[in-house]
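> What shape does this take:
(one chain, ligands or ions: 1)
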Amino acid sequence: MATSRPPSSSIDPELALSFNFSDTVFSYNERDVALYALGVGACGGDALDEKELKYVYHQDGQPFIQVLPTFGATFIYRNKQSLEVVPGLHFDPTLLLHGQQYLEIYKPFPSNCCIQNKVVIAGLHDKGKAAIIEVQTTSYDKNSGEALCMNRNTIYLRGAGGFSKSSKPYSYANYPANQIYPVKIPNSKPTFVYEDITQQSQALIYRLSGDYNPLHSDPMVAKNAGFSRPILHGLCSLGIAVRAVIKFCCNGEPTWVKSIFGRFLLHVYPGETLITEMWLQGTKVIYQTKVKERNRPVLSGYVILKHIPSSL
Ligand SMILES: CCCCCCC/C=C/C(=O)SCCNC(=O)CCNC(=O)[C@H](O)C(C)(C)COP(=O)(O)OP(=O)(O)OC[C@H]1O[C@@H](n2cnc3c(N)ncnc32)[C@H](O)[C@@H]1OP(=O)(O)O
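Have a look, this model is predicted:
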């Protein structure tokens, strides 16, 4: 297969897959939970919104605020070791993009907790012009030992493909093929549609939840990566889309969410308007988020709910 690797990138799959990540232990508190909710736009259009105020304020005190399920996706930011320490995995970090996100939630998140993260590489694929690496992080409540959630991050490394040793492109995954799949958007009218205007400062607020990659804040770094200005974090767009799903398909109840999948199709610039279309199909919600100003889909996926919403 054709090699499109810049000299700075080389991948040795066997070596990379044999790497053992060390566990990470960290704590979060009510302030982290509220800051995250603001970062994904909660109450951004209406500070009195009773379906959203609960994520940032509770009349009986901050310990009673509710936690958005996508807050669990921020646990990966706390991992002690980044992909750059993995032997056999050499790539240009400025060309890295978030490709997909899968999140399973096993328990509702408390408003504060001590967490232990266990990390493995769940997949590695050669796409010729790019390499794809899937990193799986399972997060446990350190005190009870109970698993709270599992994140599988698909990282798209532009220019790092072409490392296969045979004519068959290298592809490894340690999970069932039917667990993560790009969705087919129905032809029918969506059950719900929600419009959210992101702020110019959205990425600058969101980064405080732990992803300090300058791609989202530094104009020069963004330019060198091929963008006209800093782009929004994929997980911020995902948080905005899932917030819409909770608002419309879960009657505002965040604990109804069982699992979430999203594929990032195109970058989003802070300040753009996101339109999320939702199709309710039993316990599954298919969604697609478009940028209004460019009329382009930027994210699509599904949310699995714990039960069929009966009151809608
Ligand atoms: C350890 C955890 C670390 C976490 C780090 C988090 C860092 C966060 C960074 C960000 O938030 S970046 C901002 C969010 N992401 C984006 O804006 C990316 C938006 N998407 C795109 O720009 C494009 O989709 C793409 C990723 C550049 C791919 O486009 P391209 O045109 O190059 O792909 P194709 O030619 O269509 O497909 C090639 C091949 O790759 C597969 N594929 C395509 N898109 C994705 C994707 N989003 N995720 C996973 N895989 C993707 C596609 O299926 C093709 O494979 P085959 O079908 O040929 O096998």
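> so the residue in the stretch 51-200 of the chain that the ligand sits nearest to is in which element?
Residue nearest to the ligand within the stretch 51-200 of the chain: G99 (2.7 Å; CB to the nearest ligand atom). C-beta here means a position set from N, CA and C on the backbone, and glycine is covered the same way. Using DSSP states H and E, G99 sits within strand 96-105.
> next one: that strand to chain centre, how far?
Distance of strand 96-105 from the chain centroid (CA atoms, centre = their mean, to the nearest Å) equals 4 Å.
> Show me what that strand is packed up against.
strand 147-158, helix 234-249, strand 257-264 (3 or more CB pairs under 8 Å, 6 or more residues apart in numbering; DSSP states H and E).
> now with 6 Å?
Contacting strand 96-105 under the criterion 3 or more CB pairs under 6 Å, 6 or more residues apart in numbering; DSSP states H and E are the following elements: strand 147-158, strand 257-264.
> Which of the ones you listed has the highest mean neighbour count?
Of all those, strand 257-264 has the most neighbours on average by mean count of other CB atoms under 10 Å, namely a mean of 23.
> who does the closest residue in space to the residue of the stretch 51-200 of the chain closest to the ligand that isn't next to it in sequence bridge with?
Nearest non-adjacent residue to G99, counting by CB to CB, 6 or more residues apart in numbering: Y156, 3.7 Å away. Counting by DSSP bridges, Y156 forms beta bridges with L97, I132.
> Touching, Y156 and L97? I think so.
Yes: applying CB atoms under 6 Å as the test, Y156 and L97 come out as touching, 4.6 Å apart.
> Neighbours of P87, how many?
As a burial measure, P87 scores 10 neighbours (other CB atoms under 10 Å).
> and whichever residue of the stretch 101-250 of the chain sits closest to the ligand, how many neighbours does it have?
Nearest residue of the stretch 101-250 of the chain to the ligand, counting by CB to the nearest ligand atom: G234, 3.0 Å away. By the measure other CB under 10 Å, the count of residues near G234 is 26.
> That one is in contact with L265, isn't it?
No: the criterion here is CB under 6 Å, and G234 misses it with L265 at 10.0 Å.
> So which residues on the stretch 201-312 of the chain come close to the ligand?
Within the stretch 201-312 of the chain, the positions near the ligand by CB under 6 Å from any ligand atom are 211, 213, 231, 233-234, 263-267.
> Point out where the chain drops to low pLDDT.
Where the chain drops to pLDDT under 70, the residues are 1-7, 311-312.
> show me what contacts the residue nearest to G99?
97, 99, 130, 132 (CB atoms under 6 Å, 6 or more residues apart in numbering).
> can you tell me how far it sits from I133?
Noted for Y156: a distance of 9 Å to I133, by CB to CB, to the nearest Å.
> neighbours of V183, just the number please.
Using other CB under 10 Å: V183 sits among 16 other residues.
> host element of it?
Assigned by DSSP H and E, V183 falls outside every helix and strand.
> Please enumerate the helices of the stretch 151-300 of the chain.
202-206, 219-224, 234-249 (DSSP state H, counting those that start in this stretch).
> Among those, which comes closest to F64?
helix 234-249 (18.0 Å; CB to CB).
> Provide the contact partners of that closest one at residue level.
Under CB under 6 Å, 6+ apart, the answer for helix 234-249 is 40-41, 51, 70, 73, 98, 101, 192, 194, 196, 206, 254, 260, 262, 264, 268, 274, 276, 278, 280, 285, 287, 289, 299, 303, 309.
> From those residues, which land in strands?
98, 101, 192, 194, 196, 260, 262, 264, 274, 276, 278, 280, 285, 287, 289, 299, 303 (DSSP state E).
> Provide a list of residues in contact with S217.
By CB under 6 Å, 6+ apart, the neighbours of S217 are P230.
> how about 8 Å then?
Going by CB atoms under 8 Å, 6 or more residues apart in numbering, S217 touches 203-204, 207, 230.
> hmm, which of the residues you listed are the buried ones?
203, 207, 230 (16 or more other CB atoms under 10 Å).
> What is the burial count for the residue nearest to Y206 when sequence neighbours are not counted?
Closest residue to Y206 apart from its sequence neighbours, by CB to CB, 6+ apart: G39 at 3.8 Å. Counted by other CB under 10 Å, the residues lying close to G39 total 26.
> Can you tell me how far G39 is from the ligand?
13 Å (CB to the nearest ligand atom, to the nearest Å).
> Contact partners for that residue?
Here G39 is in contact with 202, 205-209, 236, 239 (CB under 8 Å, 6+ apart).
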